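J.: predicted model and sequence below, questions to follow.
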Amino acid sequence: MNLNYNHFELMKKKLLLTLFALLALTVNAQKYVGGDISLLTKYETNGAKYYDKDGVAISDMLTFLKGQGLNAMRVRLFVDPANASNLEKGQGVCQDLDYVKALGKRIKEAGFSLMLDFHYSDVWADPAKQWTPKAWLGLSDEDLYTKIYEYTRDCLKALKDEGVVPDFIQTGNEISYGMLWGEGIFETYNETKREYKYKISSNTYYAGSKNQTRFTNLLKKAGEACREICPKAKIILHTERVPNTNYLDNFYKDMKNAGVDYDIIGLSYYPYYHGSFATLESSLNRLETNYPDKDIMIVETGYYYAWQPTVSSPGVDLSATYPISPEGQQAFTRALIEVLNKHEKVTGLYWWWMEACENGLDWNTKRVSDDWYNASLFNDDAKVNGKDGITYNYPAGKVMPAITELKAFVGGSSGISNLIYSAPEDNIWYDVSGKRMTNKPASKGIYINNKKKVIIK
């Protein structure tokens, strides 16, 4: 009798330990979905009008976004955006430290995780532009190493003193070819594309091994400050060479060989710049294989709901499959998430400039952006109508249907907590990491189905 009782107790303990282990895996596999909302404050201040799917005015954007199942937001930070040109200011360059403190505080108090995106420039930093802040020009490489450490440290300390502790920190934005190149001196200006062509110094431009030591030293010093002030934050190295898998792989190989300290591989993925889903998966597969200790996040993505610009090589025009319309944008979002959820190491998805909306603003005096961006998650009626000669029927300022798809990235909701002991009829299943399965699981364990955890005995 005692033997049977002891055997039963032992089996019960083993079962409980197994369940705890599986639940621990679920915690470790935390996923994040949301967007970059760096211009939200300016839109709100200037009087932009936002509406939900039923046409009801949104009184608090962060509360609304939380209700959509989102759990993460991203904000960029420039060194001194007052030095930006009028063109760049018209594109949304305005986020100084005080701006980020205030918006970051709202984000954290609303219960979102916060990704801080250091641009390390007074203006946009991207693969074609990584210009040294005006106040840092003329510094030697050694002085720049000290400056990037001190600046990163001081910004993080200032944020922390305000109760704004980032959960993720990008030490640079789209740094595929390095950072802090020197002064941005333009050669030509393309009026149609509204783009400058700049001269780039061969003494600072990074590609492969060229100037590698300078670049990796900058990243090391930035990372050192992150670890010192925000030791729990995850450091992201953000690139965008998805179409060039070999370059992407070699970039992170260089980081590993140089001993750069970071946690997450951050990628930009826009199909009209970076190619098809197959191209994206090719790069994801390579990164997962070669860097198994790193999570991967898509820190920028988007798709147009109206008027897509000319597709840039090696981008791809997906409009035949996903029409340039609100419904097409939604279908693209759903398909992208299905792709990403097949990859266990992909733990983040952020929609870029999701808050863009000039609805209700005076275009001559109160507009926030001079750019025409119809890939936000709110219909920007002021810019949709007129420029391409087409009138769209989707109400101005109304949320796009694509937003309803985003929560599927984290398994259907941002907080699945109910345990049940029978399997619902819904045929979409995920493992505890959030990866979508091809069929209903046959093995014992804990799975996610119909937005709930399900125990298969």
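T.: Thanks, I have the structure now.
J.: and for Val346, the neighbour number?
T.: Per other CB atoms under 10 Å, the neighbour tally for Val346 reads 24. Placement of C-beta: from N, CA and C, glycine included.
J.: please list all residues in contact with His119.
T.: Contact partners of His119, counting by CB atoms under 8 Å, 6 or more residues apart in numbering, are Arg76, Leu77, Phe78, Val79, Ala125, Gly172, Asn173.
J.: ok, now Lys398?
T.: Lys398 makes contact with Tyr51, Asp52, Lys53, Gly55, Phe378, Asn379 under the criterion CB under 8 Å, 6+ apart.
J.: quickly note the distance from Lys234 to Asp261.
T.: Remark: distance between Lys234 and Asp261 (CB to CB, to the nearest Å) = 11 Å.
J.: hang on, I meant Trp307
T.: From Trp307 to Asp261 the distance is 43 Å (CB to CB).
J.: which of the contacts of Lys398 fall within strands?
T.: Assigned to strands by DSSP state E, none of these qualify.
J.: out of the residues you listed, which end up buried?
T.: When the contacts of Lys398 are checked for burial by 16 or more other CB atoms under 10 Å, the buried set is Tyr51, Phe378, Asn379.
J.: just checking, the last one touches Gln329?
T.: Yep, that's Asn379 we're talking about. No: look at Asn379 against Gln329 with CB atoms under 8 Å: they stay out of range, at 10.4 Å.
J.: overlap in contacts of the two?
T.: Common neighbours of Asn379 and Gln329 (CB under 8 Å, 6+ apart) are Tyr305, Met400.
J.: by mean pLDDT, flag the weakest helix or strand of this protein.
T.: In the chain, the helix or strand scored least confidently by mean pLDDT, DSSP states H and E is strand 419-420, which has a mean of 28.
J.: quick one: low-confidence residue ranges for this structure.
T.: 1-29, 185-203, 208, 381-394, 412-439, 444, 447-448, 450-454, 457 (pLDDT under 70).
J.: quick one, helices of it?
T.: Remark: helices assigned in the chain by DSSP state H are 2-28, 40-46, 61-67, 86-90, 97-109, 141-161, 212-229, 245-258, 271-274, 277-290, 326-340, 381-384.
J.: closest one to Val316 among these?
T.: Minimum separation from Val316 across the helices of the chain (CB to CB) falls at helix 271-274, 5.5 Å.
J.: of the contacts of Lys398, closest to Lys134?
T.: Set against Lys134, the nearest of these by CB to CB is Phe378 (33.9 Å).
J.: contact partners for the closest one?
T.: Listed by CB under 8 Å, 6+ apart, the contact set of Phe378 reads Tyr50, Met354, Glu355, Ala356, Cys357, Asn359, Gly397, Lys398, Val399, Met400.
J.: for Val346, same thing?
T.: Counted by CB under 8 Å, 6+ apart, Val346 has contacts Leu284, Asp295, Ile296, Met297, Ile298, Leu340.
J.: dump the residues you listed into CSV; add neighbour count and distance to Asp141 as well.
T.: CSV is the format used below for the contacts of Val346 (neighbours: other CB atoms under 10 Å; distance: CB to CB, whole Å):
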residue, neighbour count, distance to Asp141
Leu284, 25, 34
Asp295, 21, 31
Ile296, 22, 31
Met297, 27, 30
Ile298, 23, 32
Leu340, 28, 38
